[in-house]
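A.B. asks: A predicted structure for the sequence below; I have some questions about it.
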Amino acid sequence: MTMPFAGGIDATANATLIFSVVAAVIYAFTAGMPPTLARSAAKTLAVTMLAVLAGMQGGPPLLVAALALSAIGDAFLSRDGEKAFLGGLASFLVAHIVYVALFLRGGGGLDVLAAESWRGAIALAMAVFAIAMLAALWRRVGSGLRVPIAVYVAAILAMGISALTTGSPLVVGGAVLFMASDGLLATEKFLVAAISPHRAWMRLAVWVLYYAAQLAITFGFLLV
């Protein structure tokens with residue numbers, strides 16, 4: 001079996017990646033179930049192991065930090081309640097800010113958005129998507145959540161645009177998947193009726209898109 005890192009399937013790096021993928025698959029099968037400690041552990045471990053992998057492979061410290069903060073956010077969001085949601089929102093907000101710093105540090109600067117039309121077009125699409133989501137959410141969420149959600153939307157938009165300054169298709173793809181996952185999560189949580197039959201597949205899709213995003217960004221920095 002071909003593995004992304006040297007040493008075969010039993011090498012520490014590849015074993016860590018497999019551990020992460022297995023945890024992600026376990027959580028995918030339990031995403032629609034009531035919160036339990038085992039379910040929370042699977043969700044948290046999936047991206048925690050990516051952070052461990054990034055550190056083990058000499059990845060940028062900012063990448064390790066962003067993945068670790070994301071794992072903390074996953075731990076919060078694996079539980080129910082508004083406090084857990086706000087904790088997850090705060091964790092991912094900081095994670096996105098760290099990702100912005102990481103992407104801008106390794107990218108070619110914002111000038112490349114104007115120099116290459118495809119990058120500018122994707123940035124424009126990201127901005128339209130973010131504004132549309134914020135407008136839809138603004139009418140549906142309570143007044144106490146409006147400002148936190150607006151700040152979060154601005155942060156993830158900045159993350160997406162900063163990813164476009166890098167030269168890695170994996171990083172750009174990961175940022176797009178991340179935005180798609182967050183948009184679907186917001187739709188499922190705030191815009192879809194509580195009794196909608198679509199909630200089950202939406203929860204699964206949110207996780208698949210999110211984990212694929214983190215994996216793509218991680219590979220974008222480690223497989224160079």
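C.D. replies: Looks like it arrived, so ask away.

A.B. asks: same for the host helix or strand of Arg105, what does it pack against?
C.D. replies: When secondary structure is defined by DSSP states H and E, Arg105 falls within helix 82-106. Secondary structure elements in contact with helix 82-106, counted by 3 or more Cβ pairs under 8 Å, 6 or more residues apart in numbering; DSSP states H and E, are helix 61-77, helix 143-163, helix 169-186, helix 199-222. The way it works is simple: take the backbone N, C-alpha and C, and place the C-beta from them, glycine included.

A.B. asks: Excluding its own residues, what touches that helix? List them.
C.D. replies: Helix 82-106 is contacted by residues 60, 62-63, 65-67, 69-70, 72-74, 76-78, 148-149, 151-152, 155-156, 158-159, 162-163, 165-166, 171, 175, 189, 217, 221 when judged by Cβ atoms under 8 Å, 6 or more residues apart in numbering.

A.B. asks: would you list the helices and strands packed on helix 82-106 in JSON lines and tack on distance to Leu137?
C.D. replies: Compiled in JSON lines, the helices and strands packed on helix 82-106 are given as follows (distance: least, Cβ to Cβ, whole Å):
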{"stretch": "helix 61-77", "distance to Leu137": "17"}
{"stretch": "helix 143-163", "distance to Leu137": "6"}
{"stretch": "helix 169-186", "distance to Leu137": "6"}
{"stretch": "helix 199-222", "distance to Leu137": "15"}
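
A.B. asks: Redo the ones you listed as a markdown table? Include mean pLDDT.
C.D. replies: Shown next, in a markdown table, are the helices and strands packed on helix 82-106 (pLDDT from 0 to 100):
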| stretch | mean pLDDT |
| --- | --- |
| helix 61-77 | 96 |
| helix 143-163 | 92 |
| helix 169-186 | 95 |
| helix 199-222 | 95 |
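
A.B. asks: Those helices: which one's closest to Gly32?
C.D. replies: Comparing the helices and strands packed on helix 82-106 by their distance to Gly32 (Cβ to Cβ), the top pick is helix 199-222, with 5.1 Å.

A.B. asks: Relative to the whole chain's centre, how far out is the closest one?
C.D. replies: 6 Å (Cα atoms, centre = their mean, to the nearest Å).

A.B. asks: what angle separates that helix from helix 61-77?
C.D. replies: The directions of helix 199-222 and helix 61-77 differ by 160 degrees, with axes from the mean of the first three to the mean of the last three Cα atoms, to 10 degrees as the criterion.

A.B. asks: helices or strands up against helix 199-222?
C.D. replies: helix 12-30, helix 37-56, helix 61-77, helix 82-106, helix 169-186.

A.B. asks: now do 7 Å
C.D. replies: helix 12-30, helix 37-56, helix 61-77, helix 169-186 (3 or more Cβ pairs under 7 Å, 6 or more residues apart in numbering; DSSP states H and E).

A.B. asks: Which of those helices sits closest to Ser117?
C.D. replies: Each of those was checked against Ser117 via Cβ to Cβ, and the shortest separation belongs to helix 169-186, namely 14.6 Å.

A.B. asks: CA atoms only for the closest one - export them in PDB, please.
C.D. replies: Backbone C-alpha positions of helix 169-186 (Å, rounded to 0.1, in the frame of the first residue of the first chain) are rendered in PDB as follows:
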ATOM      1  CA  PRO A 169      -3.900  23.800  -4.800                       C
ATOM      2  CA  LEU A 170      -4.400  21.600  -1.700                       C
ATOM      3  CA  VAL A 171      -4.500  24.600   0.600                       C
ATOM      4  CA  VAL A 172      -6.900  26.500  -1.700                       C
ATOM      5  CA  GLY A 173      -9.100  23.500  -2.000                       C
ATOM      6  CA  GLY A 174      -9.000  23.000   1.800                       C
ATOM      7  CA  ALA A 175     -10.100  26.600   2.400                       C
ATOM      8  CA  VAL A 176     -13.000  26.200  -0.100                       C
ATOM      9  CA  LEU A 177     -14.100  23.000   1.600                       C
ATOM     10  CA  PHE A 178     -13.800  24.600   5.000                       C
ATOM     11  CA  MET A 179     -16.100  27.500   3.900                       C
ATOM     12  CA  ALA A 180     -18.600  25.000   2.400                       C
ATOM     13  CA  SER A 181     -18.600  23.000   5.600                       C
ATOM     14  CA  ASP A 182     -19.200  26.100   7.800                       C
ATOM     15  CA  GLY A 183     -22.000  27.300   5.500                       C
ATOM     16  CA  LEU A 184     -23.700  24.000   5.600                       C
ATOM     17  CA  LEU A 185     -23.300  23.800   9.400                       C
ATOM     18  CA  ALA A 186     -24.900  27.300   9.800                       C
END
